[in-house]
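A.B. asks: return atomic coordinates for the entry below.
(chains A, B, C and D)
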There are 4 protein chains.
Amino acid sequence: MQDVDAVLANLDQELHWQRDLYKELHRNPELSLQEHSTAQTVADRLASWGYAVQRIGGTGVVGVLENGPGVCVLARADIDALPVTEATGLDYASTTTVTDTDGTTVGVMHACGHDMHIAALLGAAKMLADHRDAWSGTYMALFQPAEETAAGARAMLDDGLVTKVPRPDVAFAQHVMATEAGTIGTTAGPILSAGDSVRITVHGRGAHGSMPHNSIDPVVLAAAIVLRLQTIVSRETMPGEFAVVTVGASNAGSKSNIIPDRAVLLLNVRTYDMALRGRVIASIERIVRGECAAAGSPREPEFEYYDQYPLTTNDPDVSSRVTAAFNAHFGPGVVYNTSPATASEDFSRLPDAFGIPYTYWTVGSVPSDVYRTAVENGTVAQDIPANHSPFFAPAIDPSLGVATQAHVVAALSFFSTVE
Amino acid sequence: MQDVDAVLANLDQELHWQRDLYKELHRNPELSLQEHSTAQTVADRLASWGYAVQRIGGTGVVGVLENGPGVCVLARADIDALPVTEATGLDYASTTTVTDTDGTTVGVMHACGHDMHIAALLGAAKMLADHRDAWSGTYMALFQPAEETAAGARAMLDDGLVTKVPRPDVAFAQHVMATEAGTIGTTAGPILSAGDSVRITVHGRGAHGSMPHNSIDPVVLAAAIVLRLQTIVSRETMPGEFAVVTVGASNAGSKSNIIPDRAVLLLNVRTYDMALRGRVIASIERIVRGECAAAGSPREPEFEYYDQYPLTTNDPDVSSRVTAAFNAHFGPGVVYNTSPATASEDFSRLPDAFGIPYTYWTVGSVPSDVYRTAVENGTVAQDIPANHSPFFAPAIDPSLGVATQAHVVAALSFFSTVE
Amino acid sequence: MQDVDAVLANLDQELHWQRDLYKELHRNPELSLQEHSTAQTVADRLASWGYAVQRIGGTGVVGVLENGPGVCVLARADIDALPVTEATGLDYASTTTVTDTDGTTVGVMHACGHDMHIAALLGAAKMLADHRDAWSGTYMALFQPAEETAAGARAMLDDGLVTKVPRPDVAFAQHVMATEAGTIGTTAGPILSAGDSVRITVHGRGAHGSMPHNSIDPVVLAAAIVLRLQTIVSRETMPGEFAVVTVGASNAGSKSNIIPDRAVLLLNVRTYDMALRGRVIASIERIVRGECAAAGSPREPEFEYYDQYPLTTNDPDVSSRVTAAFNAHFGPGVVYNTSPATASEDFSRLPDAFGIPYTYWTVGSVPSDVYRTAVENGTVAQDIPANHSPFFAPAIDPSLGVATQAHVVAALSFFSTVE
Amino acid sequence: MQDVDAVLANLDQELHWQRDLYKELHRNPELSLQEHSTAQTVADRLASWGYAVQRIGGTGVVGVLENGPGVCVLARADIDALPVTEATGLDYASTTTVTDTDGTTVGVMHACGHDMHIAALLGAAKMLADHRDAWSGTYMALFQPAEETAAGARAMLDDGLVTKVPRPDVAFAQHVMATEAGTIGTTAGPILSAGDSVRITVHGRGAHGSMPHNSIDPVVLAAAIVLRLQTIVSRETMPGEFAVVTVGASNAGSKSNIIPDRAVLLLNVRTYDMALRGRVIASIERIVRGECAAAGSPREPEFEYYDQYPLTTNDPDVSSRVTAAFNAHFGPGVVYNTSPATASEDFSRLPDAFGIPYTYWTVGSVPSDVYRTAVENGTVAQDIPANHSPFFAPAIDPSLGVATQAHVVAALSFFSTVE
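C.D. replies: Numbering: from 1, shown residues only, chains lettered A, B, ... in the order given. Model (predicted):
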């Protein structure tokens, strides 16, 4: 692994600008599909290091560095921020705000660490460009918009990603998590669940609240559906198999004395298995239709699927190879086998579109002492702000350095060594 | 009303044998369609007084006394007892028992006062026979089996009642209630509800209790149905309109670790309106089918209707005429306007089969002081044993005398006076 | 009843300005407690006719006409409009709008006929003032704000109504309904239900949608409550007794993948009996608390009662006297016995505060042919826009004239005749 | 492993009497705690081979063979049959019957393969006794009654097992399953779930079916509980964690028109984790109590726990050692890593009482071609009769031979080799 040491030779110096860039990005977050300034920054940097840069899918950026024969490695970072009002109190905290659809103002915040994904991947990209003599192959640094809305990978694909860039042989992505800084979690097989959201509208018949007999009450109908949906997990799924059916929102009516004419349910489904996913969705539709029939509903229910995330399931061989490289580079105590998370990602759409294997790993970001104390006290859930929290504040060090090295090490584990 | 006085002239003497007969009947109750001894007693007495007696519908008895021109009055008493173990402690309490279908032994008891109905109607029949000079017309005393199972009126009709006896012009029935002895309740319009029982079998798929995913769980399905059925009264029925949907029994499974393959629900429906009854039954079927669809039930649910009681709704003119006659005879403080009761009866099948009007009244049976004290204390429900209670014990006096007179007075209010 | 004819002698001429006033009021509706212009119009007119006018309860107006010895009659009209965007297409339709709390703009409309109540009572007030020689007593014309929010009667009482005006002996109010124009509905006893609204907040614990085990799911909790509340009417209320428990709104959450931390239910309760009302409310609280306990809810549920309407129950003697006077004046085919309505009113707070009897009647407003055709076709519910509909458009004639006469006739039925 | 070959030298001959014994046991099954004849047979055979035999726990039998220094191995077979009417059509099928508590007659059948457990362990016991020169240590063959009712292991312990026999160092048990004959399934860690049954009685107040307002309806209460219990798995358990809450029976009422006064639920709980088990049981009680409070239940619910099975979790070291020995003896294609099963066993009470490690493995019993065809067709669930089925019919060969060898090999893997 002498090539790794060569490529990372200047890591400490590089981290200076990486830290500054991280803070700049954190201070200027941009919402999904609006990452114009972020994309410009990324594109400019990549171009300055010799990458052939394309803008794909609106605010997506791909930089390709062809460096002799060998495999083509795709490394992806997501770049969008969230509508969360930052409460970290950091001196580089975001003060950006947006006006919501209902007129209220909310903050915008890199509450999921995508700013660190950018800074780390750019660092890796620069070091690989600076040390082309240490490896042979093609490095493709891809910066994807709109991961938070499940729209960005699709947008890049819809804009012709597959035909616009060389076909990669393997793909990588990583994610900052609220685990111990300095550690990396890898696993073979499922690591992130498939996620599907469904907006269900069920129809009743409105009436004055004192005349229920003139109504078909959608409030009662929605309640019956919510309770019955519980049976998909409790009765229809094999015990111990992972499946989540959450009704995150159930809304009907606005006045006590008016029976409304419809109810809207927002469901979120999580699975690690595509066949099970299909059965769960079929069960949802069956239950909703049956309950509407029981209610005498005057119109068919409507199902609108949105925010659909694919399953993220790491290729065993790629995962094994990268994990071995991580262990070789970082030494003991850094890399651990992580359990599948219930969260979802749209990264896998990219390698799936190319038909190539991939692996996805996690990078810790909570200072060791803080994290270990919380674990000992059994207070991780209360004490450690998780992704999407207004208090989510990754420790820049050592997290950023580990994440940068991880991309370099993973790529080099596939590139040909230059003798 | 001098004819009333004439017919009732010997009431006090007659009550001696009536009381004895009442106690004999009470001591020897017979279950529905098994009232052989009771029917024989009734038939013998009627015949001895000059009635033309027929046995119709197995244990049904009709005695006809043709007594000159005029209207034909049908007076009906029901004669069956109940599978209830008597706990009154009376010296004439029943000690009769039967063995239930599951091998357990239960008592048989006149817990609904039909014994008093018999004794009163026989008393009226004898006095009308003894005083034929005081009236003109035809008196038909009908003793009907199996009121408790809704089978007796139908049995008599199926056996040709309509063709076997003269067509009556008006019909009467009365019922002993746990209200103040010495009072009579009358009303125009609905007095007893229509009653329908439904046995619903819903199908799932059995499985070992640890493998719910192999099952379609009928226990959960039945639970969903039971809760959803509540909405027929709470949401689909006009507020203030009388409707009852009771799930009297819900049974599924026998072992904790075996998911059964079906559930059986026994429903009871009560209404005062035939159109509403139809809507309620349609709603029950709609809800059950919808819930079965929601469950993915492998077979259609089954609906078996039984114990169906017709609506009892008093003809306003007949009711008014009889009420006036009662008031004239009994004087103030006896006759009151009663509210419709939620109970059901099969009496109305008889006049309905003839297409004639009818009225039905109630006779109190609780000693005045006991009843009034309970009313004052607000403890009627707790302190006064109601019909079907093992403690139901009508006060023979004055109840039996009032009930006897009521039949005589009602009949005479329709008979021609003999000048 | 020659005094009635005397007072109403100029009815046809008066109706000219009454119609104009009605249209002016209809064109310029004002929301509850904001009826400033309407109150000014009313006060000016009353003063011009010799009434002693007071402004009570903000936008409430009372005009008192003392006219010799005799009873004091209180006649009340409500004066507020509704946040409904008018769709009648009338040339005097309202174009007034307001901006709702959430920023949306809605119309304001006299969609409940209070404009006609004003015009009719003013007409009656003027004619009684013009013909003081025909009666003796005190006439008090009271114009109440904010009936639609249940706040107006209370506002007038809180402002000292009882001490500021003479004590009336009897009180009247009327309401325009979507029944046949030219008819009047009266009844003794309950005519409008008691109405209570309750805002219930139940607490869970929020979590990411993929981590239900970290949540206490308020969506499921609310669903369980909604279904269980159905049993108050279906199981706890005596069959045939009037009770309504409507969950008009059930709202929780806004995103599919976030389990919210609370749910809010808005309930509306209707009863005709204060004891039953108390039991229903107690049952609601019991059920909600029980379900929260079953859910392991981390905080007690909150119950906020609002929009509470009293029972409106007509005094039998007053109702009988007024009904007789109506029949004598209008002749056959106008006055009918109306069934209790499920709607609610705050009128009765006024006579209840004085401790005096009252009666309340309804006035039809749909052209006869239209109404009768709809009845024949069984399409009243679909074809006849009811109160609160954006299409509610009372036929001015003969409705306004009937309503005006009704107030005059009712008052005169209690005033001393001047010999 | 030459000692294994020595001990098993006469396997083919031994299998003759083992097959006959198996058929004799199969033809004469005995229910739990009534295994008198079976126990006698076992005791006689063990004694004849030189084992020191004790009867412990009624129908339990332990034979101890002390054979020099070394570890003490406990091998356990369960011996009871089930109340299932055999439908295999085998010439050695059971014709034994018993009369159930409700008077119905059902068959008795070795429907769970305990007959094969007996025959295999006796075979192993005899061969170890016959070849004492090939090993050193103590072999303890334990035949446990009443596995099917979770009562047998406890009965033996209650009767002093721990003090009556030498303390073993390791324990083994095996179970015949409906998998491919000739295979053995082993695993480290959890292999069978903890199982708990709960009888829950909830109290309402009975009433006539037409008078729900006089009742507290336990049918509705039970339905609400059943639906709410679903949330323990669907919302309270971490997705992917194994937990089962089955309501195997829900029973209330027997007549349509009588609202009963109680409902009885029989629940079965399965978990692989004792902490989770505790939380699930706490949640059940919380939900039931909350729902009873919501219903206004007049008495506290009652919880009666029964048929409680411990978790069966194989010691990793023991499992690894035995698996290696199996592989060495049987060669490739026989031993596979089996997934945890949702079923439960009371075997682990025995080693837990001694505080010793154990392992438990499964033995296939379906002819290879039949099983493989069903797997290929995806029809295993339909085509292969599972344990407890009236059609469960293990193929004697090669199953009995494999099961016999398994016990010998497992024991010898712990005994000292005799040089």
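
A.B. asks: so where's chain A uncertain?
C.D. replies: Within chain A, the segments meeting pLDDT under 70 span A:1-2, A:101-102, A:417-419.

A.B. asks: the longest helix anywhere in it and chain D, any residue contact?
C.D. replies: Determined from DSSP state H, the single longest helix within chain A is helix A:274-295. No - contact between helix A:274-295 and chain D is absent, the nearest approach being 11.3 Å (criterion: CB under 8 Å from any CB of the partner chain). (C-beta placed from N, C-alpha, C; glycine too.)

A.B. asks: next, the buried residues of that helix.
C.D. replies: A:276-277, A:279-281, A:283-284, A:286-295 (16 or more other CB atoms under 10 Å in any protein chain shown).

A.B. asks: ok, stretch A:184-194 next?
C.D. replies: Going by neighbour count (16+ other CB under 10 Å), the buried part of stretch A:184-194 is A:184-188, A:190-194.

A.B. asks: and what of stretch A:141-150?
C.D. replies: For stretch A:141-150, by 16+ other CB under 10 Å, it's A:141-150.

A.B. asks: the nearest residue to A:Tyr51 once chain neighbours are set aside and A:Glu24: what is the separation?
C.D. replies: Leaving aside its chain neighbours, A:Tyr51 sits nearest to A:Gly63 (3.2 Å; criterion: CB to CB, 6 or more residues apart in numbering or on different chains). In this view, A:Gly63 and A:Glu24 are 19 Å apart by CB to CB, to the nearest Å.

A.B. asks: these two: which is more packed in?
C.D. replies: A:Gly63 (25 against 15; other CB atoms under 10 Å in any protein chain shown).

A.B. asks: dump whichever strand or helix holds that one to CSV, keeping only the CA atoms.
C.D. replies: Assigned by DSSP states H and E, A:Gly63 belongs to strand A:60-67. Coordinates of each C-alpha in strand A:60-67 appear next as CSV, following Å, rounded to 0.1, in the frame of the first residue of the first chain:
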residue,chain,number,x,y,z
GLY,A,60,-25.1,17.8,-10.6
VAL,A,61,-21.4,17.9,-11.3
VAL,A,62,-19.1,15.1,-12.6
GLY,A,63,-15.4,15.5,-12.9
VAL,A,64,-13.5,12.8,-14.8
LEU,A,65,-9.8,12.2,-14.5
GLU,A,66,-8.5,9.7,-17.0
ASN,A,67,-5.1,8.5,-15.9
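
A.B. asks: which residues are contacting it?
C.D. replies: Around strand A:60-67, the neighbours that count as contacts under CB atoms under 8 Å, 6 or more residues apart in numbering or on different chains are A:39, A:42-43, A:46-47, A:49-56, A:125, A:128-129, A:132, A:135-145, A:152, A:155-156, A:159, A:161, A:164-166.

A.B. asks: next one: stretch A:316-334
C.D. replies: Contacts for stretch A:316-334 (CB under 8 Å, 6+ apart): A:1, A:4, A:170, A:172, A:182-184, A:186-189, A:335, A:357-359, A:361, A:402, A:405-406, A:409-410, A:412-414.

A.B. asks: of these, select the buried ones using a ChimeraX command.
C.D. replies: The buried subset of the contacts of stretch A:316-334, as determined by 16+ other CB under 10 Å, is captured in ChimeraX by this line:
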select /A:4,170,172,182,183,184,186,187,188,335,357,358,359,361,402,405,406,409,410,412,413,414
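
A.B. asks: which of the contacts of stretch A:316-334 fall within strands?
C.D. replies: In strands, judged by DSSP state E, the following of those are found: A:170, A:172, A:184, A:186, A:189, A:335, A:358-359, A:361.

A.B. asks: just these that are near chain B?
C.D. replies: Of the ones in strands among the contacts of stretch A:316-334, not one also sits near chain B (CB under 8 Å from any CB).

A.B. asks: tell me the one among the residues you listed nearest to A:Pro301.
C.D. replies: Nearest to A:Pro301 among the ones in strands among the contacts of stretch A:316-334, counting by CB to CB, is A:Gly189 at 35.5 Å.

A.B. asks: how much space is there between the closest residue to the closest one other than its chain neighbours and B:Glu291?
C.D. replies: Spatial nearest neighbour of A:Gly189, chain neighbours left out: A:Thr313 (5.7 Å); criterion: CB to CB, 6+ apart. A:Thr313 sits 37 Å away from B:Glu291, going by CB to CB.

A.B. asks: cool, A:Pro340 as well?
C.D. replies: A:Pro340 is 35 Å from B:Glu291, by CB to CB.

A.B. asks: same check on A:Thr179?
C.D. replies: 45 Å.

A.B. asks: mind checking the SS state of the residue nearest the centre of chain A?
C.D. replies: With distances taken as CA atoms, centre = their mean, A:Glu345 lies nearest the centre of chain A, 3.7 Å away. The local conformation at A:Glu345, judged by DSSP: H, G, I helix; E, B strand; the rest coil, is coil.
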